[in-house]
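In: kindly return the folded structure for what I paste below:
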Amino acid sequence: MMRRVYLLLILGIFAAAAQAQTPSKPSPSPNRQSPQTRPGAPFELSEYGVSLQPDARLIIVMAALEAAGFDPTAAGKEPAAFRLLVRRDQANLDPDLRQRLKSYFERSRLPAPATAADQAARYVSLAYALSAPPLLEAPERSDDLPTGVLEVLDFAPLVREFYKKSGIDERLVSYMRAYQAESDRLRQPAAEMVRAVLSYLHTRPILMVSERVRVKSPEKKKSSVINYTTRDHERRFYIVPDLMAAPGTINFRVITDDYYAIVPEGTDPTSSELRRGYLQFVIDPLVLKFNKEIAGHRDQIKQMIDARVKEGGTVSPDVFIVVSRSLVAAADARFEEAMRISALTYVQRSRLQRVKDDAARKAIARELEVARTAISDEAVARLAEEYERGALLAFYFADQLRDFQDSGFDVANFIADMISGFDPAREGKRLVEINSARERAVTARKSHSRYSLWLIDPSGEAREAVDTSRASALVKSLTEVEKLLQTRNYEAAETRLKALLQDHPGDPRLFFALGQTSSLWARDTTDDDLQTQRLNRALTNYGFAVQAASPEIDRALLSRAHEAMGRILAFLDQRDEALKEFEAAIKIGEVTGGAYRDALEGKRKLAQP
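Out: Numbers count the residues shown, from 1 in each chain. A predicted model of the protein is given here:
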C-alpha cells in the first residue's frame, strides 16, 4: 500500500509542473495532449496504448510446460493455487505425451545459472508466435523470429497435441475467468503507473507508426522506376497476467510493434520492471522519430561502443539500441529518484510539523540530508549498473533529464537537443567519477535489510502518522491544476488553488502554484497594465511560498520561488531587487528540482550593460 502512495506522491511534485514563465523567457508550447487533460475525466488505459487481457495461447503453452515438469515454486514453498488446479486437471494426461513433453523440456534446458524465469522466457515467446487455438500453428523457421523462439520451435507440435488430448479446450473458459480476475486487479495500479510515467515525461505515447515500403512493379519487364508506399502500424502495450509464471519476475517481450509484459500473480504494477517496459514503449518510437539526428552522431557513439568493447564490456553495436536503452535507463532512474524524494519530503514535513524543539528539528533536517544523499547515491549506482549493461549514455541523459523534469513540456521537444551535446571522452570516464557514490550505495544496500523504506524514512517513526488519504487528495488536485496550466485555463487553475488553500492553509506548494499561475497568465496577456498586475500578484504569492516553506524540507521550492521572483523583477526593471532574489536562489545551492543554474544565468544577464 505504501508503495502505491509513494507513486501517487510523485505526481504531486510541482517541480514537475510547468516552470514559471515570464515574458522575458519564451518557452516552447506545452504538451496539450498530456494524460487526463480534463480534471476528473476517467483515465482510459487504451487511450495510452495499454491493454490488460489474458491470452489463451499463453495459458495453453504454460499448462503444457507444467505437464513437462516446469515448476518455478521455490524450495519450501507451496505451489500457487492455480498451478495446483491445473496439475489436478491434468492428472489423467496421456502418459506417453507427458513423457515426450518432459523429454523435450529436459533436452532444451538452459544451463546454470539460468533461473526458472529464464527457462520459461523462450516458451512465452513461442506462445505469442503461435496462431490462435484450436490451430495453434507455428510460424515458418526464419531468422526474423523473436529471440529464443527458434530454440524451442519444435515444442509447438507437442503443444498442439497437448491441446487436443488434455481436455484443456473445455476448461479454457474457466481458466480465462481466473486470468481475467487477475487482469481486473492489475487495472487500477497499472493506470497509476502509466499516468505517473506520462506525467513525468509530459507526453503521450506514439500509437501509430508509418513504414515506407517498396512496391513491386506489376509489369513483367524490369523498370528503373522504384515505387514506394506508406504502411501504418498500430502499437500496443499488453499487460498479460500469467498465473503459472515464475514468481517475482516480469517477462518482457517486444514482437514487431507489440510490447508484452507477462506478469506473475500478485505482481505490483508500480514495480520498476513493468515501468521500464512502458518507458521503452514510449521512448522507442521517439528514437525512431529522431533517427536522423542520432545518425548524425553515429561516429561519436561508435567511438564509445568500441572503447567499451576494448574494456571487455558487453554492448550492442547498434547505435540506436544504445541510445534507446540509455534514455530508458536514465528516465527510470530519475523517475524513481524523484518519487522517493517526494515521499521523503512529505514524511519529513509531517514530522517537522509535530515537533517544536529546535534540536529535534535540526535532527530531522540532518536525517533528511542523509536520506537525500542515499537516494541520490542509489540513483547513481543504478545508472552505473545500466552503463555496464550497455547503456553508455545513461549518465548523460540522466543529467539532461534533471533539467527537463522541471520544464513541464513534452520530452519529445528535447530529444534533438539532448542527443547533440554529449562528449564521448567525458562519458567514458563516468564510472570513475561516480565510484565513491556507487560504493556508498552498495554499502547501504548491505547494511539495511529494508533498504528502500530506509531511503524514505530512516527513523521509521513517521510512516504510521502519514495521512495518506489527505495526501493523495492534495496530490490529485495539484495534478489536475497542472493540466489546467498546460491547457492555459489559468482562471480555473487559480480558482481551484484558492479553494485548496481553504482545506490546506499555509501549504507552500499551493502558494507557489498560485504564483506560477499568475506568471503564466501574465505571459499570455497583451494588456500592459493587466500584465503588470498579474506579475505583481505572482510576486506576492511566490513571497508567501517563501515565508511558508521549511528551509529543511523545501529547498527546491525555495530555490525556484526566489529565481522566479528574480526573473519577474528583472522584467519589471527592478534590478536591485531582482539581484537579491537571484542571489538568494544561488545561496541555497544546486539542489534536485531547484533553479540554481537559472539563477546564475539571471544574475549574469543583470550584469550586462
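In: what about the strands in this protein?
Out: With strands called from DSSP state E, the chain shows them at 50-52, 208-215, 227-234, 236-242, 251-255, 258-264.
In: need the contact partners of the fifth one.
Out: Right, the one you point to is strand 251-255. Residues from elsewhere that reach strand 251-255 (Cβ atoms under 8 Å, 6 or more residues apart in numbering): 117, 120-121, 124-125, 128-129, 146, 242, 245, 259-262, 273, 276-277, 280. Bear in mind the C-beta positions are built from the backbone N, C-alpha and C, glycine included.
In: circling back to that earlier point, lowest-confidence stretch among the strands of the chain?
Out: Of all the strands of the chain, strand 208-215 carries the lowest average pLDDT, namely a mean of 78.
In: can you list the strands that that strand pairs with?
Out: strand 227-234 (antiparallel) (DSSP bridges).
In: buried residues, the strand it pairs with. List them.
Out: Buried residues in strand 227-234, counted by 16 or more other Cβ atoms under 10 Å: none are found.
In: just how off-centre is stretch 368-383 within its chain?
Out: 18 Å (Cα atoms, centre = their mean, to the nearest Å).
In: buried stuff in that stretch?
Out: Going by neighbour count (16+ other Cβ under 10 Å), the buried part of stretch 368-383 is 368, 371-372, 374-383.
In: before we move on, what about stretch 295-306?
Out: For stretch 295-306, a neighbour-count test (16+ other Cβ under 10 Å) marks His297, Gln300, Ile301, Met304, Ile305 as buried.
In: so what's Met304 up against?
Out: With Cβ under 8 Å, 6+ apart, Met304 has these contacts: Val322, Leu392, Leu393, Pro424, Glu427, Gly428.
In: sorry, wrong one. I was asking about Pro269.
Out: Leu186, Pro189, Ala190, Glu192, Met193, Ile239, Val263.
In: go again with 10 Å.
Out: Contacts here follow Cβ atoms under 10 Å, 6 or more residues apart in numbering; on that basis Pro269 touches 4, 7, 52, 185-194, 239, 250, 261, 263, 275, 278.
In: that older thread, just the ones of the buried residues of stretch 295-306 in helices?
Out: Gln300, Ile301, Met304, Ile305 (DSSP state H).
In: tell me the confidence at the spatially closest residue to the second one that is not a sequence neighbour?
Out: Distance criterion Cβ to Cβ, 6 or more residues apart in numbering; nearest residue to Ile301, sequence neighbours excluded, is Val319 at 4.3 Å. You'll see Val319 listed with a pLDDT of 95.
In: what of Leu126?
Out: Looking at Leu126, its pLDDT reads 95.
In: and if you look at Met304?
Out: As predicted, Met304 sits at a pLDDT of 95.
In: ok, now the one 5 residues further on?
Out: Residue-level confidence at Val309 comes out at 94, pLDDT.
In: which residues touch it?
Out: Val315, Pro317.
In: could you number the chain from 9 rather than 1 from now on?
Out: With the count now opening at 9, the last piece we talked about shows up as Val317.
In: can you map out the helices along the stretch 409-558 of the chain?
Out: Secondary structure of the stretch 409-558 of the chain by DSSP state H, counting those that start in this stretch: the helices cover 423-428, 432-435, 438-441, 443-455, 459-464, 476-494, 498-511, 516-531, 536-556.
In: make CSV out of those and add mean neighbour count and mean pLDDT.
Out: What follows is those, written out as CSV (neighbours: other Cβ atoms under 10 Å; pLDDT from 0 to 100):
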stretch, mean neighbour count, mean pLDDT
helix 423-428, 17, 88
helix 432-435, 16, 92
helix 438-441, 14, 95
helix 443-455, 14, 87
helix 459-464, 19, 54
helix 476-494, 19, 70
helix 498-511, 16, 88
helix 516-531, 25, 90
helix 536-556, 18, 90
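In: among those, which is nearest Ser111?
Out: Among those, helix 443-455 comes nearest to Ser111, with 42.2 Å by Cβ to Cβ.
In: helices and strands around that closest one, which ones?
Out: helix 366-396, helix 459-464 (3 or more Cβ pairs under 10 Å, 6 or more residues apart in numbering; DSSP states H and E).
In: format those as CSV; extra columns: distance to Glu301.
Out: Converted to CSV, the helices and strands packed on helix 443-455 look like this (distance: least, Cβ to Cβ, whole Å):
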stretch, distance to Glu301
helix 366-396, 22
helix 459-464, 36
